[in-house]
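Visitor: Got a predicted structure plus its sequence, pasted below:
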Amino acid sequence: MSGWLPGAPCTPGACIETERAGTSAVPRAVLRVTAVVALLLVGIALAAIGRRLPTRLVRAWCLAIVRAAGVRVRINGAAAPTGGLLLVANHISWLDIPLLAAVRPARMLAKSEIRRWPVVGPLVALGGVLFIQRDRLRALPDTVARIADALRCGQAVAVFPEGSTWCGQAQGSFHRAVFQAALDAGVPVQPVRLRYRVEGGTASTTPAFVGEDSLLASVWRVASARGLVAEVDVRDVLPPGGHDDRRSLARAAQPGKAPQPDWTHVVLVARTRTKTPGPTPPIRPRAVGLAYRDIIRRTRTTAPRTTNSPADA
């Protein structure tokens, strides 16, 4: 398995919360999806004719996409600095891409296969996306070098260093390779933490886009939901020279608490999804071991599904 292809244990069946749709949910969802598609078509049209928009309008467009899907946005923290900047965040949903661009418009990373997609590939290339060959470990140094070149030119590059979407109940570790580009270019790193919750309530996994979930199903689920809030916490920028190696830089940029081990997340999710009457049974070491062994077997026998969004990193 390639070091550039990390995976996550999250699956739609185990992790994503679903709510029973009311009679008004379908018309509301149709209107929201239509609005999102209309906004995307406007952006695609502008990219196709090579029209460059001011940063302020790009941010407004990105926020409009998220709000059109029925999600309220709350951005906390100082504005991201100008100049060369590595923008990093945890990865939960396809909504992460416009939310991160609302912090500061940046060049995204995308898997090289997208370049060959009809219509979408050429349009994404016009948007300045940096393509990566995630299945070739030998291509990693060249990818890091291209990111560093973009950073030296004063551009912002947005990356999801987990390399995979997680449900939000747990998170993955930030992989170190991409942080080498910031060290080589001598630019700051802007960490951002993304969270989703229900208005006035607790964290929500409804926006999560994980495992074998389809983009259409995820978009419809978000558009059908009510009271979703996206919280964007812009943390203190990490200036160049503050960390000697990419390991410590990645650790400093990791948002929130330390990531949970895969087996812990799987067992906890299994317990919450299989509630039975009576007292909660204790976690038995043998059951934990079997659950963890099953994760290892599945990741070795099947190609891991990395981030579902176009901005795979």
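Guide: Cool, the structure landed.
Visitor: how close does the nearest residue to Cys167 once chain neighbours are set aside get to Glu212?
Guide: Nearest residue to Cys167 in three dimensions, chain neighbours excluded: Cys15, at 3.7 Å (Cβ to Cβ, 6 or more residues apart in numbering). For the C-beta atoms, the positions are set from N, CA and C on the backbone; glycine is no exception. Between Cys15 and Glu212 the computed distance is 12 Å (Cβ to Cβ, to the nearest Å).
Visitor: So the two - more neighbours on which side?
Guide: Cys15 (24 against 10; other Cβ atoms under 10 Å).
Visitor: my guess is the more buried one meets Pro207, correct?
Guide: No. Applying Cβ atoms under 8 Å as the test, Cys15 and Pro207 come out as separate, 11.5 Å apart.
Visitor: circling back: quick one, phi/psi of the residue nearest to Cys167?
Guide: phi -110, psi -30 (degrees, to the nearest 10).
Visitor: Now for it: which residues touch it?
Guide: Cys15 is in contact with 167, 169, 205, 208, 210, 269, counting by Cβ atoms under 8 Å, 6 or more residues apart in numbering.
Visitor: can you check Gly83 too?
Guide: 154, 187.
Visitor: Doesn't it lie inside a strand?
Guide: No. Counting by DSSP: H, G, I helix; E, B strand; the rest coil, Gly83 is not part of a strand but coil.
Visitor: Ala250 falls within a helix, correct?
Guide: Yes. Counting by three-state DSSP, Ala250 is found in a helix.
Visitor: How about the contacts made by it?
Guide: Contacts of Ala250 by Cβ under 8 Å, 6+ apart are 161, 173-176, 179.
Visitor: how about 10 Å then?
Guide: Counting by Cβ atoms under 10 Å, 6 or more residues apart in numbering, Ala250 makes contact with 88, 161, 173-180, 182, 189, 243.
Visitor: ok, longest helix in this protein?
Guide: helix 25-48 (DSSP state H).
Visitor: What's the first helix or strand after that helix?
Guide: The element immediately downstream of helix 25-48 (helix or strand, assigned by DSSP states H and E) is helix 55-68.
Visitor: related to what we said a few turns ago, could you check the angle helix 55-68 makes with the longest helix of the chain?
Guide: Calculated by axes from the mean of the first three to the mean of the last three Cα atoms, to 10 degrees, helix 25-48 forms an angle of 160 degrees with helix 55-68.
Visitor: for helix 25-48, packing partners?
Guide: Helix 25-48 sits against helix 55-68, helix 96-103, helix 120-126, helix 215-224, with contacts defined as 3 or more Cβ pairs under 10 Å, 6 or more residues apart in numbering; DSSP states H and E.
Visitor: Try it again at 6 Å.
Guide: helix 55-68, helix 120-126, helix 215-224 (3 or more Cβ pairs under 6 Å, 6 or more residues apart in numbering; DSSP states H and E).
Visitor: mind checking pLDDT for Leu290?
Guide: Per-residue confidence (pLDDT) for Leu290: 54.
Visitor: got it, and the one 10 residues further on?
Guide: The pLDDT attached to Arg300 in the predicted structure is 53.
Visitor: Arg176 now?
Guide: Reported pLDDT for Arg176: 89.
Visitor: Settle this for me: it is touching Arg247, isn't it.
Guide: Yes. If you go by Cβ atoms under 6 Å, Arg176 and Arg247 touch, sitting 5.4 Å apart.
Visitor: For the two, indicate the residue with more neighbours.
Guide: Between Arg176 and Arg247, Arg176 has the larger neighbour count (other Cβ under 10 Å), namely 15 against 12.
Visitor: still on that earlier bit, let's have the helices and strands packed on helix 25-48 in a markdown table, adding mean pLDDT, mean neighbour count and distance to Arg32.
Guide: Shown next, in a markdown table, are these (pLDDT from 0 to 100; neighbours: other Cβ atoms under 10 Å; distance: least, Cβ to Cβ, whole Å):
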| stretch | mean pLDDT | mean neighbour count | distance to Arg32 |
| --- | --- | --- | --- |
| helix 55-68 | 92 | 18 | 6 |
| helix 120-126 | 65 | 15 | 22 |
| helix 215-224 | 91 | 18 | 4 |
